[in-house]
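Undergrad: Turn this into a model:
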Amino acid sequence: MHQEQINVIRKALRKLRGMRLDPTVTQHTTHLVSLEPRRTLNLLRGLMRGVWIVSYQWVLASIRAGKWINEEPYELTRFSRAIEICRTERQAFGVHYQCELFRFMEPFYVSSLCRPVQFNNMKELLLLGGATLTENRFKAKYIIGDKRRAEDDRVYLDPYWVLDSITNMQIQRFGKYLMKSAIISADGIRYEDPRDRDEDKTQRRHLHDFVDPPFVLDK
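TA: Below you'll find the predicted structure:
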């Protein structure tokens, strides 16, 4: 957001009260305000935590009304229907709400080489989705973001598999997300690319922005 919009949000907080501004989504967050539905870490955190994810227009309309108004008409469901689904589940279950997207899967190991989302952030997203993590790759079934692998039955996945699964709130098929790998065996090293991607990689990088917007509202 531009400085002008930042100032408007701060004005709304001073005038309407009842909320404060935080730099990131936490367990205390109730609202995330965004100019447009870009896939950022904060948006994915907010989605899984079931917070209100609303457009900047909600802030403007609230200022005009002199109070925080109903969020539903401003909810960014055009990004993903999962925003509404997770939010209604959080409203129904309250403090007991927990996203269970990855809960029933075998353990995950996240490589320190994971990109474009760094491994600490990737681990946070998986944990928010109910995943079981391990620091021992040999105890994991799913390896995220590592191009080095042995000839074993583990599944080596591109980090975009996690991001797309969260966005759709549905476990994605592994096919196009299998990592291009350097396979290490007794016979040496060979390279393998099991993915069959139809999308243009340059376009995909353009569609995803992992720089977080700073406008997170807590009550």
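Undergrad: Lys139 contacts Pro107, correct?
TA: Yes. Shown here, Lys139 and Pro107 form a contact pair, counting by C-beta atoms under 8 Å, at 6.0 Å. No exception for glycine: its C-beta is placed from N, CA and C like everyone else's.
Undergrad: can I see the domain layout of the chain?
TA: For the chain, automatic domain parsing gives the domain ranges 3-98+208-218, 108-199.
Undergrad: sorry, back to before: who has more neighbours out of Lys139 and Pro107?
TA: Set Lys139 next to Pro107 and count neighbours by other C-beta atoms under 10 Å: Pro107 wins out with 14 against 11.
Undergrad: Give me the pLDDT for the more buried one.
TA: For Pro107, the pLDDT comes out at 98.
Undergrad: How about Met1?
TA: Note for Met1: predicted pLDDT of 70.
Undergrad: That one touches Leu35, doesn't it?
TA: Yes. In this structure Met1 lies within contact range of Leu35 using C-beta under 8 Å: 5.7 Å.
Undergrad: Just name the shakiest helix or strand of the protein by mean pLDDT.
TA: Lowest on mean pLDDT, DSSP states H and E among the helices and strands of the chain sits helix 201-207, with a mean of 43.
Undergrad: need the helices for this structure, in chain order.
TA: 3-16, 41-49, 56-65, 82-93, 119-128, 159-168, 201-207 (DSSP state H).
Undergrad: Pick the most deeply packed of those.
TA: Among these, ranked by average contacts under mean count of other C-beta atoms under 10 Å, first place goes to helix 41-49 (a mean of 24).
Undergrad: what's in contact with that helix?
TA: With contact meaning C-beta atoms under 8 Å, 6 or more residues apart in numbering, helix 41-49 is reached by 24-25, 27, 29, 32, 34, 37, 53, 79-80, 82-83, 86, 90, 99, 101, 117, 121, 124-125, 128-129, 163, 166-167, 169, 210, 212-213, 216.
Undergrad: That one: how far from the chain's middle?
TA: The chain centre lies 5 Å from the centre of helix 41-49; the measure is C-alpha atoms, centre = their mean, to the nearest Å.
Undergrad: tell me the mean pLDDT over that helix?
TA: 97.
Undergrad: same check, this time on stretch 4-20
TA: Stretch 4-20 comes out at a mean pLDDT of 91.
Undergrad: Over to stretch 159-179?
TA: Rounded mean pLDDT across stretch 159-179 is 96.
Undergrad: Quote the end-to-end distance of it.
TA: End-to-end distance for stretch 159-179: 9 Å, by C-alpha to C-alpha, to the nearest Å.
Undergrad: what about that stretch, distance to the chain center?
TA: 12 Å.
Undergrad: So what touches it?
TA: With C-beta under 8 Å, 6+ apart, stretch 159-179 has contacts from 39, 44, 47-48, 79-82, 85-86, 101-102, 105, 114-117, 122, 125-126, 129, 143-147, 149, 155-158, 194-198, 204, 208.
Undergrad: I figured Ile144 hits Leu113, correct?
TA: No. Contact criterion C-beta under 8 Å: Ile144 and Leu113 do not qualify, at 10.0 Å.
Undergrad: Geometrically speaking, which residue is the centre of the chain?
TA: With distances taken as C-alpha atoms, centre = their mean, the residue of the chain nearest its centroid is Leu44 (2.6 Å).
Undergrad: which of the contacts of stretch 159-179 count as buried?
TA: Among these, those classed as buried by 16 or more other C-beta atoms under 10 Å are 39, 44, 47-48, 79-80, 82, 86, 101-102, 105, 114, 117, 122, 125-126, 129, 143-146, 149, 155-158.
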